[in-house]
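Undergrad: Please work out how this folds:
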Amino acid sequence: MTPSASSLAFVESPVQLLNVLEWAHAEAASAPGGAPLLDAVPSQPSRAAVRGPASGAAPAAAGPDPAGRPSGAASWLRIVVLPPTDPMSRGQLRRMAGLARDEGYEVVWQEARGGRLAPLKALAALAKDVRAARRVVVGDPFSRYVQLLLTLVRAEELVVVDDGTATMEFVAQTARGERLVRWHRVGGGGLPGRVRELAYAPVSATARRRFTPAAGTGRRVEVFSSMPVTVHGAMTLRVNEFAWTRARFGPPRLTKGTDLVGTSLVETGVVDPARYLEAVRALTLEHGATRYFAHRRESPEKLRTLSEATGLEIVRPDLPLELIARRGPVGRTIVSFPSTVVHTLPYALTGTGVTVAVCDVDPAWLTGSASPRARSFLAGVTETARDVHRLPAQTASAAG
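TA: Got it, this is the predicted structure:
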């Protein structure tokens with residue numbers, strides 16, 4: 001690894017990497033003399049590549065990225081990708097990593113899964129840089145691996161970028177002083193699971209303290225988000241308006257049809273598969289949808305069933321949907337279930353004439369194993385979305 005960068009980011013999904021790029025763009029624009037890039041001028045070199053961080057820290061010496069190219073003047077930020085094992089996520093991450101390198105940032109691909117010793121090897125490889133970083137950026141505060149890395153962090157500044165709607169739960173749980181638990185997770189694992197939780201408890205407690213520093217410690221936590229969150233304590237909020245995405249892509253060509261956005265609510269055990277199929281069929285008929293943008297976690301079997309039952313063209317995006325929609329072509333109306341995109345797409349598509357609509361999840365669609373929090377959380381995602389069209393209640397009822 002090249003000499004330590006002043007800012008070190010850890011990402012585990014394509015959306016997290018996109019939001020790190022958005023944060024870096026906003027950070028550069030807020031530097032002395034900085035200004036946002038014009039939306040009408042796509043493909044300009046990032047100002048981050050020529051100015052560096054707002055803190056004024058000297059950039060680290062340039063070095064080669066894994067592909068052998070120099071990291072350039074944007075070496076103040078190093079992005080460490082901790083990829084999951086599923087092929088769709090890894091493919092999107094590789095393409096997002098390419099975009100990040102095009103902006104001049106160094107990207108390191110660090111395997112931390114796939115074997116019993118992989119996490120320990122990755123931790124050993126990253127430890128020196130984690131300790132040396134003056135600012136650490138994370139994309140998933142619920143990640144156990146990220147929480148483990150936080151035990152090594154000495155930086156006074158910590159930045160949390162969006163990991164979708166999970167950011168809403170992260171801010172709410174830290175405000176209440178609760179353990180960090182994903183909203184759709186339910187208890188399980190029996191005695192072995194409880195033993196693992198007890199063994200991991202000190203790491204989790206350290207992470208919670210790091211995310212909620214006491215006043216007067218000099219430590220700062222910034223939340224960079226498109227979600228409707230209310231920060232607390234020493235946290236500060238910077239709104240992610242997808243300025244980098246709008247500067248680099250589009251505006252898109254609009255089609256006459258309607259596009260549906262898929263969700264992984266079935267895969268996470270929240271929504272019943274048969275109910276979801278009926279909901280998609282009803283939305284397709286009512287809105288004349290022709291395409292279905294699949295979530296990267298949706299299974300091929302589920303997508304094949306949806307296509308056969310509805311006649312929808314299944315599209316498996318090779319980048320996060322915010323970039324796909326901004327590049328176009330895209331339908332004049334985009335319909336989604338409660339998910340991240342009902343908060344992010346209105347920013348990414350502002351001024352394009354695209355209508356984003358959200359369909360409620362009927363409580364009758366939930367599985368018996370869904371977490372008690374699922375119903376209220378999904379309702380909150382819908383109710384707090386800005387600049388979206390709320391579909392009539394009878395649409396959801398008919399779908400159920």
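Undergrad: Would you state the strands of the stretch 151-300 of the chain in chain order?
TA: When secondary structure is read from DSSP state E, counting those that start in this stretch, the stretch 151-300 of the chain shows strands at 157-161, 220-225, 235-239, 254-261, 289-293.
Undergrad: Adding distance to residue 174 and mean neighbour count, write the ones you listed out as a markdown table.
TA: All C-beta spots, glycine's among them, are computed from the backbone N, C-alpha and C. Listed next are those as a markdown table, based on distance: least, Cβ to Cβ, whole Å; neighbours: other Cβ atoms under 10 Å:
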| stretch | distance to residue 174 | mean neighbour count |
| --- | --- | --- |
| strand 157-161 | 10 | 23 |
| strand 220-225 | 9 | 21 |
| strand 235-239 | 8 | 15 |
| strand 254-261 | 29 | 19 |
| strand 289-293 | 32 | 21 |
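Undergrad: do you know how far residue 335 is from residue 273?
TA: Going from residue 335 to residue 273 by Cβ to Cβ, to the nearest Å gives 19 Å.
Undergrad: Which stretches in this protein count as helices?
TA: Ranges of helices within the chain are 14-29, 48-51, 87-102, 118-132, 144-150, 166-176, 190-211, 243-248, 273-287, 300-310, 321-327, 341-348, 374-383, 393-399, based on DSSP state H.
Undergrad: and the nearest residue to residue 263 once chain neighbours are set aside, what is it in contact with?
TA: The shortest distance from residue 263 to any residue other than its chain neighbours is 4.8 Å, reached at residue 337 (Cβ to Cβ, 6 or more residues apart in numbering). Residues counted as contacts of residue 337 (Cβ atoms under 8 Å, 6 or more residues apart in numbering) are 261, 263, 265, 279, 358, 359, 361.
Undergrad: So which of the residues you listed is the closest to residue 10?
TA: Nearest to residue 10 among the contacts of residue 337: residue 263, at 25.4 Å, using Cβ to Cβ.
Undergrad: Could you double-check that residue 118 sits in contact with residue 124?
TA: No: using Cβ atoms under 8 Å, residue 118 is not in contact with residue 124, being 10.9 Å away.
Undergrad: neighbour-wise, which of these two wins?
TA: The neighbour comparison of residue 118 against residue 124 (other Cβ atoms under 10 Å) goes to residue 118, with 13 against 9.
Undergrad: Tell me the spacing between that one and residue 110.
TA: For residue 118, the distance to residue 110 equals 10 Å [Cβ to Cβ].
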